[in-house]
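A.B. asks: Mind looking at a prediction? Sequence and model below.
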Amino acid sequence: MKFSGRLFNSAIRDTGITVSGEWSGDRLLLQADGMAEQVDAHELKLQASGFNNGHLQVSWSSSASEFALFLEKATDRSVFETEAPSAITAQLQKAVKQQKHTAARFRLSWMGLIAFLLLPFIGFGVFILKADSVATWIATHIPHEYETKIGDLTLAQVKAKTPLLESGPAVDVVRNIGERLTPQSRYRYRWFVADAPEINAFAAPGGVVVVYAGLIREADNAEELAGVLAHEIAHVELRHSLKGIIKNFGLRAFFALMLGDVSGTFAGSIVTQMTELKFSRDAERDADREGLQRLIASAISPHGMPRFFEKLAAKEGKGGDAFALVSTHPSSEERMAMLKREIDALPVRNYVDLGVDWNAIKKSLPSKK
Amino acid sequence: MAMDEVDFEIFGNEMQYVEVELDPGEAAVGEAGAMMYMHNGIQMDTVFGDGTQQGGLFGKLLGAGKRLLTGESLFTTVFHNEGTGKQRVAFAAPYPGKIVPVHLSDIGGTLICQKDSFLCAAKGVSLGIAFQKKLGVGLFGGEGFIMQRLEGNGWAFVHAGGTLKECTLAAGEVLRVDTGCVVAFQPTVDFDIQYVGKIKSAIFGGEGLFFATLSGPGKVWLQSLPLSRLANRIVMAAPAAGGRQVGEGSLLGGVGLGSLLGGDDD
């Protein structure tokens, strides 16, 4: 089979001429208009050459002049290579290796560059996917004092909006039940009752727990209050709001970096969010489970917990007024079913009587405005 | 695709234009915006890509994408002679320098050139992209990683800055070139870089850390003044960019005695 290449020699044109060549045993025969050349394979020197080492250069000297044959096209080269005599096999392999080396390095750096350019996006993807575990990891490395500070900030903000009761029978009940639920906690809890009609309760980092008067009025007994408290305490103990802040902060910082927009509003908005933090579904489920365990550990009947949530859900279904607790806690059938299932699976046991005169507590609340 | 054999004539000395003569039915492709004038019978047709893609939409998009990478415009303009007699169309070089006519079949059908240097060609010449695969050359060779590959067997015109040096290297002959001065070469030429060799020259020599080396055999075209160098000097000298006003008859220069004596020191 014939192959074509470009032949350079000082005697012929400087820019080379197109020749066709073929192997005849150990001899390389070349032909072009008006010339013919042949050379023994043992005299050939092979190397990768030309732009990008993309050519196979075959050079030899005969009658005191130098010849160089260049093969570029893959088809020509494969003919040359497959029919090449064994005398030049080693050189041929070396040249091919040289070529592949150049191409491979180029490809590698290309991929490296693409990977580098994609890095922020990959990082972002990982951040979104792994935000929970990253936030958890960071949260465990934040000292409790900071949590307390965030709690203080939140408290100050709530105080500015809503009057808080810091003493009285209702606060005492909240504190008593709360302290039963938080034995040996690493936090110093502070308990408040907000004088507001919303059916709501929230917990800020560092152990600030606020129960709204509306919630106490809505509850039928102390166990229902305990259920809500257990849930909120679980948020504190599991550091859900802290993780939420970290996630939020991380995302904002990331976007600020990406978009080059560092707005001053964002420190302020963190505090705002404290009071209306939306927890993720998983966080709610974890809080339910953790709260349930706390109730059981302190021997308080857990039945109040699903009952109260059920009550809220039913009311919400009827389209009653704003039920903050329900709206910030996406209470689903599934969640309640889970709670009930877990409670049913518990062995029958006696729970302590909280010994609270619930009606007296309700009456002690400031009259509804 | 069959090549159109065109006749041409280059006018001007340092700021040139090339006038291409088209027989009826012949066509030339020009870089968008390069056309200077054309005779009456010439039809201008703007095509997406370089006018050689035969494939469907994908082929055209690919061609256009390649053109974007090489710094050309997305479109090329095809000029065809729809008249009866010979007609002429001219393409002007965009900056001071020389127009290099290369007959592709003389050099084996392929020319590797600096990106953005293409001016015009006979229809049928395909404009491709040639990645510089040697990392060192791509980084320090002065031409970047992306070069242009012109393929075909008709006339192609590329543009060089300053004065043109055309030389033919014998097999094994090596020419060391300042980076950035390489305009085009035959693909059999090995384009590489070489460290200048001495720390002192590397730092204070003003030639940079590396030379570009071109090893034969094959033909190479060099430019004496890369556009970026010219642009750099112009910007540095521009008063708006902090250059000094070198006005006529300023005894002590713009504001003080200093510039009076300064004179024309550029």
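C.D. replies: Everything's here; your move.
A.B. asks: List the beta-bridge partners for residue A:69.
C.D. replies: Assessed by DSSP bridges, residue A:69 has beta-bridge partners residue A:7, residue A:58.
A.B. asks: count of neighbours near it?
C.D. replies: 28 (other C-beta atoms under 10 Å in any protein chain shown). For glycine as for every other residue, the C-beta is placed from the backbone atoms N, C-alpha and C.
A.B. asks: And the helix or strand hosting residue A:160, what does it pack against?
C.D. replies: Residue A:160 belongs to helix A:144-161 when assigned by DSSP states H and E. Packing partners of helix A:144-161 (3 or more C-beta pairs under 8 Å, 6 or more residues apart in numbering or on different chains; DSSP states H and E): strand A:190-194, strand A:201-204, strand A:208-212, helix A:240-259, helix A:265-275.
A.B. asks: Go through those and find the least confident stretch.
C.D. replies: Sorting those by mean pLDDT places helix A:265-275 lowest, at a mean of 50.
A.B. asks: Buried ones in the helix or strand following it, by neighbour count?
C.D. replies: Remark: after helix A:265-275, the chain's next helix or strand is helix A:281-297, criterion DSSP H and E. Of the residues in helix A:281-297, A:283-292, A:294-296 count as buried by neighbour count, 16 or more other C-beta atoms under 10 Å in any protein chain shown.
A.B. asks: Which neighbouring elements make contact with the helix or strand following helix A:281-297?
C.D. replies: Following helix A:281-297 in sequence order, the next helix or strand is helix A:304-317 (DSSP H and E). Helices and strands touching helix A:304-317, by 3+ C-beta pairs under 8 Å, 6+ apart, are helix A:213-218, helix A:222-237, helix A:281-297, helix A:324-328, helix A:333-344.
A.B. asks: Can you give me the domain boundaries for chain A?
C.D. replies: Domain assignment of chain A by automatic domain parsing yields the ranges A:3-101, A:104-135, A:143-364.
A.B. asks: so what's whichever residue of the stretch 101-250 of chain A sits closest to chain B up against?
C.D. replies: Sorted by distance to chain B under C-beta to the nearest C-beta, the residues of the stretch 101-250 of chain A start with residue A:106, at 3.9 Å. Going by C-beta atoms under 8 Å, 6 or more residues apart in numbering or on different chains, residue A:106 touches A:52, B:131, B:133, B:134, B:135.
A.B. asks: Show me which of those is closest to residue B:102.
C.D. replies: residue A:52 (19.8 Å; C-beta to C-beta).
A.B. asks: Which of the contacts of residue A:106 fall in helices?
C.D. replies: Using DSSP state H, the members of the contacts of residue A:106 that fall in helices are residue B:135.
A.B. asks: Which positions within stretch A:41-56 qualify as buried?
C.D. replies: Using 16+ other C-beta under 10 Å as the test for burial, stretch A:41-56 gives A:41, A:44, A:46-56.
A.B. asks: likewise stretch A:151-167?
C.D. replies: Quick answer for stretch A:151-167 (16+ other C-beta under 10 Å): A:151, A:153, A:154, A:155, A:158, A:162, A:165.
A.B. asks: on that earlier part again, now the domains of chain A in a markdown table, with distance to residue B:42?
C.D. replies: Listed next are the domains of chain A as a markdown table, based on distance: least, C-beta to C-beta, whole Å:
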| stretch | distance to residue B:42 |
| --- | --- |
| domain A:3-101 | 32 |
| domain A:104-135 | 42 |
| domain A:143-364 | 49 |
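A.B. asks: Mean pLDDT lowest where, among those?
C.D. replies: domain A:143-364 - the lowest mean pLDDT of these, at a mean of 78.
A.B. asks: Any idea how far apart the tips of it sit?
C.D. replies: 38 Å (C-alpha to C-alpha, to the nearest Å).
A.B. asks: Test my guess that residue B:103 contacts residue B:157.
C.D. replies: No - the pair residue B:103 and residue B:157 fails to qualify as a contact (C-beta atoms under 8 Å) at a distance of 10.5 Å.
A.B. asks: out of the two, which sits in the more crowded spot?
C.D. replies: For the pair residue B:103 and residue B:157, the greater number of neighbours falls to residue B:157 (27 against 15), based on other C-beta under 10 Å.
A.B. asks: So the more buried one, which state does it fall into?
C.D. replies: strand (DSSP: H, G, I helix; E, B strand; the rest coil).
A.B. asks: So for it, what's the nearest residue that isn't a sequence neighbour?
C.D. replies: residue B:119 (4.4 Å; C-beta to C-beta, 6 or more residues apart in numbering or on different chains).
A.B. asks: For the one you found, give its distance to chain A.
C.D. replies: 21 Å (C-beta to the nearest C-beta, to the nearest Å).
A.B. asks: Next, that residue: secondary structure please.
C.D. replies: strand.
A.B. asks: got it, and residue A:36?
C.D. replies: Residue A:36 - assigned by three-state DSSP - is strand.
A.B. asks: State the number of residues packed around it.
C.D. replies: By other C-beta under 10 Å, neighbour count at residue A:36 equals 9.
A.B. asks: Name whatever forms a beta bridge with it.
C.D. replies: Where residue A:36 sits in a bridge, its partners, by DSSP bridges, are residue A:31.
A.B. asks: Tally up the residues packed near the residue lying closest to residue A:105 once chain neighbours are set aside, please.
C.D. replies: Excluding the flanking residues, the one nearest residue A:105 by C-beta to C-beta, 6+ apart is residue B:135, at 6.1 Å. As a burial measure, residue B:135 scores 16 neighbours (other C-beta under 10 Å).
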